[in-house]
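Enquirer: fold the stuff below for me.
(one chain, ligands or ions: 1)
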Amino acid sequence: MIAGGLIVVGLGAGAFAQASGMAAGILKVRLGGDAAETRLVIDLDRSVSGKLISDGAVDNTVVVAFPKVGVSGDLKGAGQGVVRRWTVDNQGGGARLNIELARKAQVARRFLLPPGDGVDHYRYVIDLRATGGAVDPRVTRALGPAQSLPQDQGARRAATLIRADRPSARKVIVIDAGHGGHDPGAIGANVHEKVVTLAAAKALKARLEKTGRYTVILTRDSDRYVTLEGRVQIARRADADLFISLHADAGPESTSGASVYTLSEKGEGRVGKVLAKDDWLMNASLTGGDRGVGQILLDLSQRATKNRSAVFAEMLVSEISDVTPMLRRSHRDGNLIVLLAPDVPAVLLEMGFITSPSDEARLNTAASRARLVNSIGDAIDRWFSRDMKIASR
Ligand SMILES: [Zn+2]
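Expert: As a prediction, this is how the structure comes out:
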């Protein structure tokens, strides 16, 4: 619950709009990388959700379907790295990408990137990681005669892509379990928001630490109250690479679904007003004598941080929407003190409505909570993956 202080000044980029027709869709397929890891970037004129039909384990052909997406003309090309060649065809009311492997490989990750950073269209990225040696072409699924393939343009273009450096240090992630102590947050029929946020925060910490790639700090690890300013301070002192605040919403019983908030640009100017109105945002000491929140705001107004938050927010939405129902407009810009840490990309996740019986049951059950937490972890993994820079081009 964010109570009344939230000012929604804009909506996400429409990244999750339904495709309405079959016109175009897939514009181009590009390849990059090498025999250890190969990336396919599918350029799209709309948001899509891809579905893995075949992972390549059986017949050395990875197949990803894009329902309700069209493809203009014949798209195919020669491969690069672990890919021998690829084709896109229309099948079953959508487009189907068939990737014939040159060597044993698995899908390391798949994700959708919204327009941004100078790119005006969507990109669906598939990373393939080699798991073994070369594959005999005779044991791959037939995509048609190899000699009929045109010289691939896409692969050549992508060959100029440079591998981003692998970060050496562990990333620092601050997970903020909303509310706590005397502040129960939103109240469901069976459980309080503060309970499920803490449970989810602890589970997410464990999920992330298992990878060995992150240092994870919780703003609270028990049922106690931490001021909002205190939460922001924790992120600042930790020099966090990512701040994620977990909450659960309140609303009419029939309203359900998760949503993700990032700091809005317009929201910044309204912080004073919000603070005055909203006790959830209490103690943020905008009036304090130190450089406090005013300075934090200045720092945070750096566009880069906001853009990075927005990219992460979109990834988060695309990951968690696989495992949990979403509010219709899932990524929102909000004006939230808890997101105001300097230079720390920050998002607030409303994991669902505690006032919705189905959401409450989902959030209050360890197994379904684990699925959600796992998908949050996937989004974080993706965001920090060494190839992000390449993909965002
Ligand atoms: Zn809350």
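Enquirer: tell me the helices in the protein, going along the chain?
Expert: Using DSSP state H, the helices of the chain run over 153-158, 193-209, 228-237, 271-277, 292-300, 303-320, 357-363, 366-384, 388-391.
Enquirer: domains for this structure, by residue range?
Expert: Annotated domains of the chain cover 25-147+154-158, 167-391 [automatic domain parsing].
Enquirer: how about the residue nearest to Tyr124 when sequence neighbours are not counted, what does it touch?
Expert: For Tyr124, ignoring the flanking residues on the chain, the nearest one in space by Cβ to Cβ, 6 or more residues apart in numbering is Ile42 at 4.3 Å. Bear in mind the C-beta positions are built from the backbone N, C-alpha and C, glycine included. With contacts taken as Cβ atoms under 8 Å, 6 or more residues apart in numbering, Ile42 has the following neighbours: Ile26, Lys28, Val29, Arg30, Phe66, Leu97, Arg123, Tyr124, Val125, Ile126.
Enquirer: how about those residues, which pair is most distant?
Expert: Arg30 and Phe66 (15.8 Å; Cβ to Cβ).
Enquirer: what average pLDDT does stretch 171-185 get?
Expert: Averaged over stretch 171-185, pLDDT sits at 93.
Enquirer: that stretch close to the ion?
Expert: Yes. Stretch 171-185 reaches the ion (Cβ under 5 Å from the ion) through Gly178, Gly185.
Enquirer: flag every buried residue along that stretch.
Expert: The neighbour-count check on stretch 171-185 (16 or more other Cβ atoms under 10 Å) flags 171-180, 183-185 as buried.
Enquirer: determine which two of those residues are furthest apart.
Expert: Maximum distance among these (Cβ to Cβ): 31.7 Å, for Lys171 and Pro184.
Enquirer: and Ala310, how far is that from the ion?
Expert: From Ala310 across to the ion, the span is 21 Å (Cβ to the ion, to the nearest Å).
Enquirer: Tyr261 is in contact with that residue, correct?
Expert: No. Between Ala310 and Tyr261 there is no contact under Cβ atoms under 8 Å: 10.7 Å.
Enquirer: who does the strand ranked longest in the chain pair up with?
Expert: Longest strand in the chain by number of residues (criterion: DSSP state E): strand 122-134. Strand 122-134 has these partner strands in its sheet, going by DSSP bridges: strand 37-44 (antiparallel), strand 103-113 (antiparallel).
Enquirer: so which of the ones you listed is the most packed in?
Expert: Among those, strand 37-44 has the highest mean neighbour count (mean count of other Cβ atoms under 10 Å), at a mean of 23.
Enquirer: list the beta-bridge partners for the residue nearest to Tyr124.
Expert: Val29, Tyr124.
Enquirer: residue contacts, whichever residue of the stretch 201-350 of the chain sits closest to the ion?
Expert: Closest residue of the stretch 201-350 of the chain to the ion, Cβ to the ion: His247 (3.4 Å). Residues near His247 by Cβ under 8 Å, 6+ apart: Met1, Ile2, Gly178, His179, Gly185, Ala186, Glu193, Thr197, Leu348, Leu349, Glu350, Met351.
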